[in-house]
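>>> this one's structure only:
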């Protein structure tokens, strides 16, 4: 058994400019978790988290600890508030993005299976991401970590010898 206290972990900060930014503590990594990921997120007022996306191989779940916001999902948007739990299955039905459209901070847990390799899909930008060697949110070097527009796809045999 491994135990970690969130107060003993440092925040990792991400600021992607206008309207996108968050703080994160990787609880599972701090506690030695390998098969199940869990991160504590703090989304400041007016900010959005990761781009709208879904995972082909990993399921996620969101649990709101405090604050309010909005979850953008495959069927539209849903308000979020303290105590809300949302299951996000792998595949298109699990597409999501967390938005803090409130005046205060939004704190939530994201839990995920840690399957590797993984393919991610970004419907807004029509991109696909492929990663292998470390699951999304996982620690360590990846053998593959690449993102492509779907329109850049080539035939399986393109560039290969007959």
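Thanks, I have the structure now. As the structure is a prediction and not an experimental result, all values here were calculated from the model.
>>> could you show me where the helices are in this protein, in order?
27-30 (DSSP state H).
>>> Quick check: bridge partners of residue 145?
residue 131 (DSSP bridges).
>>> Chain neighbours aside, what residue packs nearest to the residue nearest the centre of the chain?
By Cα atoms, centre = their mean, the chain has its centre lying nearest to residue 50, at 6.1 Å. Nearest non-adjacent residue to residue 50, counting by Cβ to Cβ, 6 or more residues apart in numbering: residue 97, 6.5 Å away. All C-beta atoms are positioned from the backbone trio N, CA, C, and that covers glycine.
>>> Could you list which residues are in contact with the closest residue in space to residue 54 that isn't next to it in sequence?
Using Cβ to Cβ, 6+ apart and skipping residues adjacent in sequence, the residue nearest residue 54 is residue 95, 4.0 Å away. Counting by Cβ atoms under 8 Å, 6 or more residues apart in numbering, residue 95 touches 52-54, 73-74, 121, 123.
>>> Could you tell me which of the residues you listed are located in strands?
54, 73, 121 (DSSP state E).
>>> worst-scoring helix or strand of this structure, pLDDT-wise?
Counting by mean pLDDT, DSSP states H and E, the chain has its least confident helix or strand at helix 27-30, which shows a mean of 91.
>>> and residue 32, what pLDDT?
If you check residue 32, the pLDDT there is 84.
>>> Tell me if I'm right that it and residue 3 touch.
No. With contact defined as Cβ atoms under 8 Å, residue 32 does not reach residue 3; the gap is 9.1 Å.
>>> on that earlier part again, residue 128 versus the residue nearest to residue 54, what's the distance?
Distance, residue 95 to residue 128, by Cβ to Cβ, to the nearest Å: 13 Å.
>>> got any residues that touch both of the two?
residue 121.
>>> ok so, going back, kindly write the PyMOL command that selects the buried subset of the ones in strands among the contacts of residue 95.
Those of those that count as buried under 16 or more other Cβ atoms under 10 Å are selected in PyMOL with:
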select buried, resi 54+73+121
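>>> Can you redo the ones in strands among the contacts of residue 95 as JSON lines, where the extra columns are pLDDT and distance to residue 153?
Shown next, in JSON lines, are the ones in strands among the contacts of residue 95 (pLDDT from 0 to 100; distance: Cβ to Cβ, whole Å):
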{"residue": "54", "pLDDT": "98", "distance to residue 153": "18"}
{"residue": "73", "pLDDT": "98", "distance to residue 153": "26"}
{"residue": "121", "pLDDT": "98", "distance to residue 153": "13"}
